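Structure for this input, please:
(2 chains)
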Amino acid sequence: MSNMDSHSRDREPFANYWRKAVEEAEIAPSDSVWSLITKSLDILKYRHRAQIYSLVAAIAVLITIIVSIQSQWLGSDPYSGNFYLSQNEVQNSLNDTSLLIGPRTASDRLYFLESKEKYANSEHPKLVKKSSSLVMDKKILRLDKKEYHFLDKNSVDKKIITPILASYPLLFLKKSLIIERDHLWAGINFGGSSFNPNYELINAGDMLSAGGLNQGFLTDQEGRVTSLNENMLVGINRKIEVNLGMTIKDRFVLEGGLQYVQTELVQESNFMVETISYPTSRPVQNPSLIAENTSKGVKKMQEIAYTNTETELQNRIDFASVPLRAGFIFLDQRLSLRVNAGLVTNFYLGNIHRSLDDPTFLAEFTTSGNSLYRNISFSGQTGMSLGYRLLQNIDVTFEPNYTQSFQSITRSYVGFSSIPNGFGVMAGVRYNFN
Amino acid sequence: MFDSDKFLIKGCKKSKPKAQEALYAKYSKVMFAVALRYVKGIQEAEDILQESFIKVFENIEKFRGDSSLPYWIKRIVVNTALNHQRSKLFLYPMVDIVNLDNLVVNEDVFSEFSHQELIKMIMSLPDGCRIIFNMYAIEGYKHQEIAVKLKISEGTSKSQYSRAKKLLIKMLESKDHVKYG
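Predicted coordinates for the structure are as follows:
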């Protein structure tokens, strides 16, 4: 094909006549083709976003594991950042072989140093290379000075401190060395996740029989019978969360919060509910309930009509969620790592159907008796929280997670279930109160 | 300016709906004619067109401008059509290779037919020889290339082409072809 012109010269005239005759032909396809392309692109958009969330979550987990392994077992640079010496600990351990130094606050996170020898008027090459500083008794010792002194009033001066691995595995730390002091924080996170609805049509008959329709089939106003075709496609969640947490029992933490979750997904259906004055669409619903509850859930409905046109709708579902998580701290230094698991209670706020072609609302539902979705549902969440101490009290956090619903988010009578799950990531800041 | 290929590509790379729609408007008619040549029915051609343009928008990032945009899109359409038709290729028995030199047609005959009518003739060919006729006569592949691409023998390609040629000449001569649509 790439050498088409040279091929043309070699080929017989008949082939060339045909090529000339039809190669520039133009025939218009029907309008429905473009409409179907745009719908497919919309579906792909959600699928891509969901894949991106999963990919980012997987990469984050991988990075977190690598960083924690490296930091825990291979060591890290003990000189990075400022060191704050605990005067008491220095005093207590000057004559020991080890010296306890806690960064940021004397009793907060731990570094272990080993004091070996005393030098007079000398320098230690390792220390000279670093530009870190030691703070002791509110005075800063520049480690890159050739000669330095510990301004400890008791006895210590001109002392060389040789660091051992700063990231001595806390996992195996003796309990006595961990300073038991509760730690309290508040945070705000933004993020999202994939929304894999795990949609299943469980009992179309129940769903439709109340409306006088044949079980499993739809009958439109012209008497045509069509089998029900209903599906939820992959979507995404957008989340914003505020949370409050505290350490309990050494390295165990509890964290609770409040989330606003906006789920957006594409829904396929061949069951349309329409009204004369205000067309609205619901994928699967007990039709009689729609008629009875028009004043509650669906505004402006005046007359109900059914069609069974294949259609794709954008469905936005809003939830307020309350996550409650327990966690275990693996790493608690400038870089912190925590593994979390917990329960999320989801409160359904409402949902909106839009046509993929037209952004105006087709229908808006709020929490009420005729809603398709349960007012309260529960899901489990597990994840990691990776934090980096940016300022003295402020961490930036990155949290990959996986959420699995424990039950269908839809009501039992609607005839289909959706037990969603998905990978997600949250990023934000955390303020440490102490 | 706004419908230049460069502008459209830039917009499509940013997934801008207007650029996507403009690109579709510009090339859908040509590409639909291409798709029609490979199939028997309009619905199937529309399916191929839809699938092809989704691939175009999904893969526009990979378009580096080594070839022209319409050529790149056409390649996608042809490959999509071939994938749709691949299962039909081996359903047809070999036919004897006829002496192509004996089958002669005057170029002026083609002017008597509209594009739609000619395409309708191609669409009416049996599946196997329709695909090979398209690839050889219109897309410019050699029989050897067709054999590799479709995993058939070169002889099969030649025989299917000769069969298509025979049928098309018959159609051109009879002039009682069915109008498109």
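
hey, what's A:Gln259 bridged with?
A:Gln259 has these beta-bridge partners by DSSP bridges: A:Glu241, A:Ser321.

can you check A:Phe195 too?
Here A:Phe195, judged by DSSP bridges, has bridge partners A:Gly235.

That one against A:Arg238, yeah?
No - using C-beta atoms under 8 Å, A:Phe195 makes no contact with A:Arg238, being 10.0 Å away. For the C-beta atoms, the positions are set from N, CA and C on the backbone; glycine is no exception.

Mind listing what's buried along the host helix or strand of B:Val56?
Taking DSSP states H and E as the definition, B:Val56 sits inside helix B:42-59. For helix B:42-59, burial by neighbour count (16 or more other C-beta atoms under 10 Å in any protein chain shown) applies to B:42, B:44-54, B:56-57.

Please list which of the residues you listed are also close to chain A.
Filtering these for neighbours of chain A using C-beta under 8 Å from any C-beta of the partner chain leaves B:45-46, B:49-50, B:53-54, B:57.

any low-confidence regions in chain A?
The model of chain A has pLDDT under 70 over residues A:1-11, A:67-182, A:202-230, A:270-310, A:357-363, A:367-370, A:414-415.

coming back round to it: identify the contacts common to A:Phe195 and A:Arg238.
Shared contacts of A:Phe195 and A:Arg238 (C-beta atoms under 8 Å, 6 or more residues apart in numbering or on different chains): A:Glu264.

So which of the two has more stuff around it?
A:Phe195 (28 against 17; other C-beta atoms under 10 Å in any protein chain shown).

For that one, give me its contacts.
A:Phe195 sits next to A:50, A:234-237, A:263-265, A:420, A:422 when contact means C-beta under 8 Å, 6+ apart.

got the residue ranges for the helices in the chain?
Went with chain A since none was named. Under the criterion DSSP state H, chain A carries helices at the ranges A:4-10, A:13-22, A:31-69, A:87-93, A:125-129, A:204-209, A:287-292.

was after chain B, sorry
B:5-13, B:17-38, B:42-59, B:69-85, B:115-123, B:127-133, B:143-150, B:154-174.

Comparing those helices, which comes out most buried?
Among the helices of chain B, judged by mean count of other C-beta atoms under 10 Å in any protein chain shown, the one packed with the most neighbours on average is helix B:127-133 (a mean of 24).

That helix - contacts with which helices or strands?
In terms of contacts (3 or more C-beta pairs under 8 Å, 6 or more residues apart in numbering or on different chains; DSSP states H and E), helix B:127-133 is packed against helix B:17-38, helix B:69-85, helix B:115-123, helix B:143-150, helix B:154-174.

Next, the angle from the first one to helix A:13-22.
I take that to be helix B:17-38. Here helix B:17-38 points in a direction 150 degrees away from that of helix A:13-22 (axes from the mean of the first three to the mean of the last three C-alpha atoms, to 10 degrees).

roughly how far out does helix B:17-38 sit from the chain middle?
Relative to its parent chain, helix B:17-38 has a centroid offset of 13 Å by C-alpha atoms, centre = their mean, to the nearest Å.

If I take that helix and helix B:69-85, what angle do their directions form?
Between helix B:17-38 and helix B:69-85, the angle comes out at 50 degrees (the same axes, to 10 degrees).

next one: the third one
On the basis of the same axes, to 10 degrees, helix B:115-123 is oriented at 40 degrees to helix B:69-85.

And for helix B:115-123, what's in contact with it?
Here helix B:115-123 makes contact (C-beta under 8 Å, 6+ apart) with A:18, A:21-22, A:24-27, B:33, B:36-37, B:39-41, B:110, B:113, B:130, B:133-134, B:168, B:171-172, B:177-181.

the strands in the stretch 251-400 of chain A, which residues?
Remark: strands assigned in the stretch 251-400 of chain A by DSSP state E, counting those that start in this stretch are A:252-269, A:272-274, A:305-307, A:311-332, A:335-355, A:361-366, A:376-389, A:394-405.

Redo the helices and strands packed on helix B:127-133 as TSV? Include mean pLDDT and distance to A:Ser54.
Formatted as TSV, those follow (pLDDT from 0 to 100; distance: least, C-beta to C-beta, whole Å):
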stretch	mean pLDDT	distance to A:Ser54
helix B:17-38	93	25
helix B:69-85	91	28
helix B:115-123	90	43
helix B:143-150	88	36
helix B:154-174	87	44
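
want to throw the ones you listed into JSON lines with distance to A:Lys45?
Shown next, in JSON lines, are these (distance: least, C-beta to C-beta, whole Å):
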{"stretch": "helix B:17-38", "distance to A:Lys45": "11"}
{"stretch": "helix B:69-85", "distance to A:Lys45": "20"}
{"stretch": "helix B:115-123", "distance to A:Lys45": "34"}
{"stretch": "helix B:143-150", "distance to A:Lys45": "33"}
{"stretch": "helix B:154-174", "distance to A:Lys45": "41"}
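
what's the neighbour count on B:Ser68?
10.

Contacts only, for it.
If a contact means C-beta under 8 Å, 6+ apart, then B:Ser68 has B:Asp5 as its contacts.

where's it relative to B:Asp5, distance?
8 Å (C-beta to C-beta, to the nearest Å).

As CSV, the strands of the stretch 251-400 of chain A with distance to A:Asp31 and mean neighbour count would be great.
Converted to CSV, the strands of the stretch 251-400 of chain A look like this (distance: least, C-beta to C-beta, whole Å; neighbours: other C-beta atoms under 10 Å in any protein chain shown):
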stretch, distance to A:Asp31, mean neighbour count
strand A:252-269, 20, 19
strand A:272-274, 20, 21
strand A:305-307, 19, 15
strand A:311-332, 16, 19
strand A:335-355, 16, 18
strand A:361-366, 21, 19
strand A:376-389, 41, 19
strand A:394-405, 39, 20
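
Contacts only, for the residue nearest to the spatial centre of chain B.
In chain B, the C-alpha nearest the mean C-alpha coordinate belongs to B:Val34, at 3.9 Å (C-alpha atoms, centre = their mean). Going by C-beta under 8 Å, 6+ apart, B:Val34 touches B:74, B:77-78, B:81.

thinking again about what came up before, any chance of the contacts of A:Phe195 in CSV, plus distance to B:Phe63?
CSV is the format used below for those (distance: C-beta to C-beta, whole Å):
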residue, distance to B:Phe63
A:Ala50, 25
A:Val234, 27
A:Gly235, 29
A:Ile236, 27
A:Asn237, 33
A:Thr263, 34
A:Glu264, 29
A:Leu265, 30
A:Pro420, 36
A:Gly422, 32
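
Put the buried members of those residues into a ChimeraX selection.
To isolate the buried members of the contacts of A:Phe195 in ChimeraX, using 16+ other C-beta under 10 Å:
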select /A:50,234,235,236,237,263,264,265,420,422
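
thinking again about what came up before, for A:Val344, which of the helices of chain B is the nearest?
helix B:42-59 (33.9 Å; C-beta to C-beta).

and the chain, what are its domains?
Because you didn't say which chain, this covers chain A. What automatic domain parsing lists as the domains of chain A is A:48-68+A:181-432, A:83-166.

Oops, wrong one, chain B.
Residue ranges for the domains of chain B, per automatic domain parsing: B:5-85, B:92-174.

can you give me the offset of the last one from its chain's centre?
Centroid separation between domain B:92-174 and its chain, computed with C-alpha atoms, centre = their mean, is 12 Å.

what's the answer for the first one, then?
If you compare the mean C-alpha spot of domain B:5-85 with that of the full chain, they lie 13 Å apart, counting by C-alpha atoms, centre = their mean.

and that domain, how far apart are its ends?
30 Å (C-alpha to C-alpha, to the nearest Å).

which residues does the closest residue to B:Phe110 other than its chain neighbours contact?
Nearest non-adjacent residue to B:Phe110, counting by C-beta to C-beta, 6 or more residues apart in numbering or on different chains: A:Ala21, 4.4 Å away. Contact analysis of A:Ala21 by C-beta under 8 Å, 6+ apart lists B:110, B:113, B:115, B:118.
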